[in-house]
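Asker: attaching a predicted model along with its sequence, questions to come.
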Amino acid sequence: DAQDPERLLQCPYNKQHQIRACRFPYHLVKCRKSHPEVAKQLATCPFSARHLVPQPGLGDHILSCSDRGLVEQDIVHQPWGSQRMAVSTWQAPPCEEDWEAALVTSPSPPFLSRATSAEKSQLPSRLRAPRSSPFPQVPWKS
């Protein structure tokens, strides 16, 4: 039974390892790190990461892989396959902002600038312009 999680599988890195099917993916990761010289000689099947075969035999394995039919069947029956060509009909709502008109009608500049002496004299009598900056003077601005 291919679906039995308790069946024993042989580790491709160490033939003495017999691993339960439900733990096999975790064991492969761990054992690959422990046996890097064997890992270099094995190739992973494109249909199942559980299938590790010698690199020269990968082509033959792909032709006879038991999981190949499952993957091909999934690809054929994907609902997104036919929708890939669909074109979106969404349109952006009309924009109600007019940035150019806002610039023309704006009563003050959108940034702070240094006040000229004429502008300082237009301040109300209870207010005065500062004589110095509240920020420390930087040496290169002197």
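Answerer: That came through, no problem.
Asker: please make it C-alpha for all contacts and neighbour counts, starting now.
Answerer: Noted.
Asker: could you list the low-confidence segments of the protein?
Answerer: Across the chain, the stretches falling below the confidence threshold (pLDDT under 70) are 1-2, 74-86, 105-125, 129, 134, 136-142.
Asker: what are the ranges of the strands in it?
Answerer: Remark: strands assigned in the chain by DSSP state E are 8-10, 18-20, 42-44, 52-54.
Asker: please identify which of those strands is closest to Arg131.
Answerer: Shortest distance between Arg131 and the strands of the chain, using C-alpha to C-alpha, is found for strand 42-44: 75.7 Å.
Asker: by contact count, what packs against that closest one?
Answerer: Helices and strands touching strand 42-44, by 3 or more C-alpha pairs under 8 Å, 6 or more residues apart in numbering; DSSP states H and E, are strand 52-54.
Asker: buried residues in the strand it packs on, which are they?
Answerer: Buried residues in strand 52-54, counted by 16 or more other C-alpha atoms under 10 Å: Leu52, Val53.
Asker: ok, and what's touching the lengthiest helix in the chain?
Answerer: Counting by DSSP state H, the longest helix found in the chain is helix 24-34. Here helix 24-34 makes contact (C-alpha atoms under 8 Å, 6 or more residues apart in numbering) with Leu9, Cys11, Tyr13, Asn14, Ile19, Val38, Ala39, Ala49, Arg50.
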